[in-house]
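> Just need the structure, nothing else, for what follows:
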Amino acid sequence: MSKEKLKKLAAIYVLVILLVMFFGLKAHATPSTQIWNPSTDIQAVKTWHLGIDNYFSVKDNLDHPYAFPTDVGLTYGLFKNLEVGVDTLYPSEHPLYFNAKYGLPEGDMMPAIAVGIFNVGTKSDVTNYDIWYGVVAKTFKPIGRLSLGYYVGNDKLLLDETGAKANTGLIASWDKAITDKIWTSVDYASGDSFYGSLSLGGSYAFAPNVSIIFAYVIYNNKKEIVTDGVPTGSFMNNKNDTATTQLDINF
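Residues are numbered from 1 along each chain as shown. The predicted model follows:
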(Lines give C-alpha, C1' and ligand atoms only; values in the text may rest on other atoms or scores of the structure.)
Protein backbone atom coordinates (compact mmCIF):
# COMPACT_ATOMS: atom_id res chain seq x y z
CA MET A 1 0.00 0.00 0.00
CA SER A 2 1.34 3.45 -0.93
CA LYS A 3 2.22 6.11 1.67
CA GLU A 4 -0.56 8.32 0.32
CA LYS A 5 -3.17 5.60 0.87
CA LEU A 6 -1.81 4.92 4.35
CA LYS A 7 -2.06 8.63 5.20
CA LYS A 8 -5.61 8.71 3.87
CA LEU A 9 -6.62 5.67 5.91
CA ALA A 10 -5.00 7.16 9.03
CA ALA A 11 -6.87 10.43 8.51
CA ILE A 12 -10.19 8.58 8.09
CA TYR A 13 -9.45 6.50 11.21
CA VAL A 14 -8.77 9.63 13.31
CA LEU A 15 -11.88 11.34 11.92
CA VAL A 16 -14.07 8.34 12.81
CA ILE A 17 -12.72 8.34 16.38
CA LEU A 18 -13.36 12.08 16.73
CA LEU A 19 -16.90 11.71 15.38
CA VAL A 20 -17.62 8.85 17.78
CA MET A 21 -16.30 10.92 20.68
CA PHE A 22 -18.28 13.98 19.62
CA PHE A 23 -21.62 12.38 18.75
CA GLY A 24 -21.47 9.31 20.96
CA LEU A 25 -20.71 10.97 24.30
CA LYS A 26 -21.77 8.87 27.57
CA ALA A 27 -21.48 6.38 30.43
CA HIS A 28 -24.86 3.83 31.01
CA ALA A 29 -27.69 7.47 30.31
CA THR A 30 -25.70 6.89 33.38
CA PRO A 31 -22.64 7.58 35.49
CA SER A 32 -20.17 4.87 36.58
CA THR A 33 -22.43 2.02 37.65
CA GLN A 34 -22.67 -1.46 39.08
CA ILE A 35 -24.96 -3.09 36.50
CA TRP A 36 -28.05 -0.86 36.76
CA ASN A 37 -27.44 1.47 39.71
CA PRO A 38 -24.82 4.21 40.13
CA SER A 39 -21.79 3.16 42.16
CA THR A 40 -19.45 5.23 44.35
CA ASP A 41 -16.70 4.84 41.71
CA ILE A 42 -15.50 8.02 40.02
CA GLN A 43 -13.71 8.26 36.68
CA ALA A 44 -10.08 9.31 37.18
CA VAL A 45 -9.10 12.89 36.27
CA LYS A 46 -8.59 13.47 32.53
CA THR A 47 -9.61 9.92 31.61
CA TRP A 48 -12.44 8.85 29.30
CA HIS A 49 -14.81 5.93 29.66
CA LEU A 50 -16.62 4.72 26.53
CA GLY A 51 -19.64 2.48 27.09
CA ILE A 52 -21.98 0.68 24.71
CA ASP A 53 -24.98 -0.82 26.54
CA ASN A 54 -27.77 -3.03 25.20
CA TYR A 55 -30.88 -4.27 27.05
CA PHE A 56 -33.18 -6.78 25.31
CA SER A 57 -35.75 -9.41 26.29
CA VAL A 58 -34.84 -13.08 25.81
CA LYS A 59 -38.20 -14.69 26.65
CA ASP A 60 -41.93 -14.00 26.12
CA ASN A 61 -40.97 -12.27 22.88
CA LEU A 62 -44.17 -13.30 21.09
CA ASP A 63 -46.42 -11.21 23.34
CA HIS A 64 -43.98 -8.77 24.96
CA PRO A 65 -40.85 -8.22 22.85
CA TYR A 66 -38.86 -5.46 24.48
CA ALA A 67 -35.58 -3.58 24.19
CA PHE A 68 -34.06 -0.26 25.22
CA PRO A 69 -32.38 1.79 22.51
CA THR A 70 -28.64 1.16 22.33
CA ASP A 71 -26.88 3.47 24.78
CA VAL A 72 -23.55 4.81 23.52
CA GLY A 73 -21.77 7.36 25.65
CA LEU A 74 -18.73 8.78 27.29
CA THR A 75 -17.84 9.69 30.88
CA TYR A 76 -14.97 12.06 31.65
CA GLY A 77 -13.05 12.68 34.86
CA LEU A 78 -13.38 16.47 34.88
CA PHE A 79 -11.80 17.25 38.27
CA LYS A 80 -10.64 15.23 41.24
CA ASN A 81 -13.66 13.30 42.57
CA LEU A 82 -15.96 14.66 39.82
CA GLU A 83 -17.09 12.96 36.62
CA VAL A 84 -19.50 14.14 33.92
CA GLY A 85 -21.07 12.26 31.06
CA VAL A 86 -23.51 12.36 28.18
CA ASP A 87 -25.35 9.47 26.51
CA THR A 88 -26.94 8.97 23.12
CA LEU A 89 -29.83 6.51 22.99
CA TYR A 90 -30.75 5.39 19.47
CA PRO A 91 -33.27 4.87 18.02
CA SER A 92 -35.26 7.52 19.91
CA GLU A 93 -36.74 10.94 19.16
CA HIS A 94 -34.80 12.78 21.89
CA PRO A 95 -31.55 10.79 22.23
CA LEU A 96 -29.38 12.99 24.48
CA TYR A 97 -29.09 12.43 28.24
CA PHE A 98 -26.58 13.91 30.69
CA ASN A 99 -25.16 12.86 34.07
CA ALA A 100 -22.72 14.02 36.74
CA LYS A 101 -21.35 12.58 39.97
CA TYR A 102 -19.18 13.76 42.86
CA GLY A 103 -17.70 11.31 45.32
CA LEU A 104 -15.12 10.65 48.02
CA PRO A 105 -13.14 7.39 48.04
CA GLU A 106 -13.31 4.75 50.74
CA GLY A 107 -10.85 5.05 53.64
CA ASP A 108 -9.72 2.68 56.40
CA MET A 109 -12.64 3.63 58.63
CA MET A 110 -14.81 5.76 56.32
CA PRO A 111 -17.12 4.48 53.59
CA ALA A 112 -17.03 5.80 50.03
CA ILE A 113 -19.68 8.45 49.38
CA ALA A 114 -21.17 9.65 46.09
CA VAL A 115 -23.97 12.02 45.07
CA GLY A 116 -25.12 12.75 41.57
CA ILE A 117 -27.79 12.93 38.90
CA PHE A 118 -28.46 10.93 35.72
CA ASN A 119 -31.02 10.54 32.92
CA VAL A 120 -31.14 14.31 32.48
CA GLY A 121 -32.98 14.48 29.17
CA THR A 122 -33.53 17.40 26.83
CA LYS A 123 -37.34 17.30 26.47
CA SER A 124 -39.33 18.63 29.44
CA ASP A 125 -41.61 15.99 31.00
CA VAL A 126 -40.73 13.58 28.20
CA THR A 127 -37.08 12.61 28.79
CA ASN A 128 -36.00 14.69 31.80
CA TYR A 129 -36.20 11.87 34.36
CA ASP A 130 -33.63 13.81 36.43
CA ILE A 131 -32.82 11.04 38.92
CA TRP A 132 -30.87 12.42 41.91
CA TYR A 133 -29.18 9.93 44.23
CA GLY A 134 -26.82 9.47 47.13
CA VAL A 135 -24.87 6.28 47.79
CA VAL A 136 -22.45 5.05 50.47
CA ALA A 137 -20.29 1.93 50.09
CA LYS A 138 -17.88 -0.08 52.24
CA THR A 139 -15.71 -3.09 51.44
CA PHE A 140 -15.77 -5.99 53.88
CA LYS A 141 -13.21 -8.71 53.26
CA PRO A 142 -13.77 -11.41 52.11
CA ILE A 143 -17.45 -10.62 51.50
CA GLY A 144 -16.99 -7.80 48.98
CA ARG A 145 -18.34 -4.26 48.71
CA LEU A 146 -21.81 -3.36 50.02
CA SER A 147 -23.59 -0.18 48.83
CA LEU A 148 -26.74 1.51 50.06
CA GLY A 149 -28.45 4.65 48.80
CA TYR A 150 -31.60 6.53 47.91
CA TYR A 151 -32.93 8.13 44.72
CA VAL A 152 -35.61 10.65 43.74
CA GLY A 153 -36.64 11.65 40.22
CA ASN A 154 -39.22 13.52 38.15
CA ASP A 155 -42.64 12.61 39.58
CA LYS A 156 -44.30 13.27 36.22
CA LEU A 157 -42.30 10.54 34.49
CA LEU A 158 -41.41 7.98 37.17
CA LEU A 159 -44.88 6.40 37.49
CA ASP A 160 -46.45 3.04 38.22
CA GLU A 161 -48.98 1.25 35.99
CA THR A 162 -51.86 3.41 37.29
CA GLY A 163 -50.07 6.71 36.62
CA ALA A 164 -49.36 7.27 40.33
CA LYS A 165 -46.02 8.74 41.40
CA ALA A 166 -43.25 6.17 41.85
CA ASN A 167 -40.29 8.52 41.80
CA THR A 168 -38.40 7.56 44.99
CA GLY A 169 -36.73 4.44 46.27
CA LEU A 170 -33.81 2.64 47.83
CA ILE A 171 -30.61 1.54 46.08
CA ALA A 172 -28.68 -1.50 47.35
CA SER A 173 -25.89 -3.57 45.83
CA TRP A 174 -23.14 -6.10 46.43
CA ASP A 175 -20.10 -6.46 44.18
CA LYS A 176 -16.80 -8.32 44.35
CA ALA A 177 -13.72 -8.87 42.17
CA ILE A 178 -13.33 -12.65 42.02
CA THR A 179 -10.02 -12.45 40.10
CA ASP A 180 -8.18 -9.65 38.31
CA LYS A 181 -10.37 -10.40 35.26
CA ILE A 182 -13.71 -11.53 36.72
CA TRP A 183 -16.10 -9.28 38.66
CA THR A 184 -19.65 -10.03 39.81
CA SER A 185 -22.53 -7.98 41.21
CA VAL A 186 -26.11 -8.03 42.44
CA ASP A 187 -27.86 -4.67 42.56
CA TYR A 188 -31.40 -3.54 43.36
CA ALA A 189 -33.55 -0.42 43.09
CA SER A 190 -36.95 -0.33 44.77
CA GLY A 191 -40.02 1.28 43.24
CA ASP A 192 -42.68 0.49 40.61
CA SER A 193 -41.52 2.81 37.82
CA PHE A 194 -39.32 1.55 34.97
CA TYR A 195 -36.28 2.14 37.21
CA GLY A 196 -37.18 -0.38 39.93
CA SER A 197 -35.36 -3.65 39.27
CA LEU A 198 -33.04 -6.43 40.41
CA SER A 199 -29.89 -7.06 38.35
CA LEU A 200 -27.59 -10.08 38.54
CA GLY A 201 -24.42 -10.53 36.53
CA GLY A 202 -20.72 -10.03 36.16
CA SER A 203 -17.96 -8.89 33.85
CA TYR A 204 -14.85 -10.24 32.19
CA ALA A 205 -11.82 -8.04 31.48
CA PHE A 206 -10.16 -8.75 28.14
CA ALA A 207 -7.45 -6.19 28.97
CA PRO A 208 -6.73 -3.79 31.85
CA ASN A 209 -8.88 -1.13 30.15
CA VAL A 210 -11.49 -3.26 28.30
CA SER A 211 -14.27 -5.34 29.84
CA ILE A 212 -17.78 -6.54 29.10
CA ILE A 213 -20.69 -7.07 31.49
CA PHE A 214 -23.23 -9.86 31.02
CA ALA A 215 -26.30 -9.60 33.27
CA TYR A 216 -30.00 -10.25 33.67
CA VAL A 217 -32.45 -7.54 34.80
CA ILE A 218 -35.73 -8.42 36.57
CA TYR A 219 -38.12 -5.46 36.76
CA ASN A 220 -40.25 -4.91 39.87
CA ASN A 221 -43.30 -3.87 37.88
CA LYS A 222 -44.09 -5.51 34.54
CA LYS A 223 -47.52 -3.92 34.07
CA GLU A 224 -48.07 -1.33 31.35
CA ILE A 225 -47.28 2.15 32.62
CA VAL A 226 -49.87 4.83 31.82
CA THR A 227 -49.92 8.62 31.87
CA ASP A 228 -53.27 10.41 32.34
CA GLY A 229 -55.04 7.13 31.60
CA VAL A 230 -53.15 6.58 28.33
CA PRO A 231 -50.52 3.79 27.96
CA THR A 232 -47.04 5.28 27.79
CA GLY A 233 -45.41 4.83 24.41
CA SER A 234 -41.90 5.43 25.78
CA PHE A 235 -39.20 2.80 25.51
CA MET A 236 -39.05 3.09 29.33
CA ASN A 237 -42.40 1.26 29.47
CA ASN A 238 -40.97 -2.16 30.29
CA LYS A 239 -43.11 -5.31 30.31
CA ASN A 240 -40.41 -7.95 30.15
CA ASP A 241 -37.17 -8.86 31.92
CA THR A 242 -34.04 -8.16 29.91
CA ALA A 243 -30.55 -9.45 29.33
CA THR A 244 -27.85 -6.81 29.05
CA THR A 245 -24.39 -6.61 27.51
CA GLN A 246 -22.26 -3.60 28.39
CA LEU A 247 -18.93 -2.98 26.69
CA ASP A 248 -16.65 -0.69 28.73
CA ILE A 249 -13.42 0.87 27.44
CA ASN A 250 -11.24 3.27 29.45
CA PHE A 251 -8.87 5.72 27.75
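
> all helices for this protein, in order.
With helices called from DSSP state H, the chain shows them at 3-23.

> now the strands for it?
48-56, 70-79, 82-90, 96-104, 112-121, 128-140, 144-152, 168-177, 182-189, 197-207, 210-219, 226-227, 230-231, 242-250 (DSSP state E).

> Does residue 219 touch residue 195 like I think?
No. In terms of Cβ atoms under 8 Å, residue 219 does not count as a neighbour of residue 195; the distance is 9.1 Å. For glycine as for every other residue, the C-beta is placed from the backbone atoms N, C-alpha and C.

> Between these two, tell me which one has more neighbours.
The neighbour count for residue 219 versus residue 195, taken as other Cβ atoms under 10 Å, is higher for residue 195 (26 against 21).

> Verify the stated contact: the more buried one with residue 157.
No. Counting by Cβ under 8 Å, residue 157 is not a contact partner of residue 195; they are 9.9 Å apart.

> Give the residues shared as contacts by these two.
Among the neighbours of residue 195, those also in contact with residue 157 (Cβ atoms under 8 Å, 6 or more residues apart in numbering) are residue 129.

> still on that earlier bit, dump the strands of the chain to CSV, plus mean pLDDT and distance to residue 36.
CSV is the format used below for the strands of the chain (pLDDT from 0 to 100; distance: least, Cβ to Cβ, whole Å):
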stretch, mean pLDDT, distance to residue 36
strand 48-56, 94, 9
strand 70-79, 94, 12
strand 82-90, 95, 14
strand 96-104, 96, 14
strand 112-121, 96, 11
strand 128-140, 96, 12
strand 144-152, 97, 11
strand 168-177, 97, 9
strand 182-189, 96, 6
strand 197-207, 95, 4
strand 210-219, 95, 6
strand 226-227, 58, 23
strand 230-231, 52, 24
strand 242-250, 94, 8
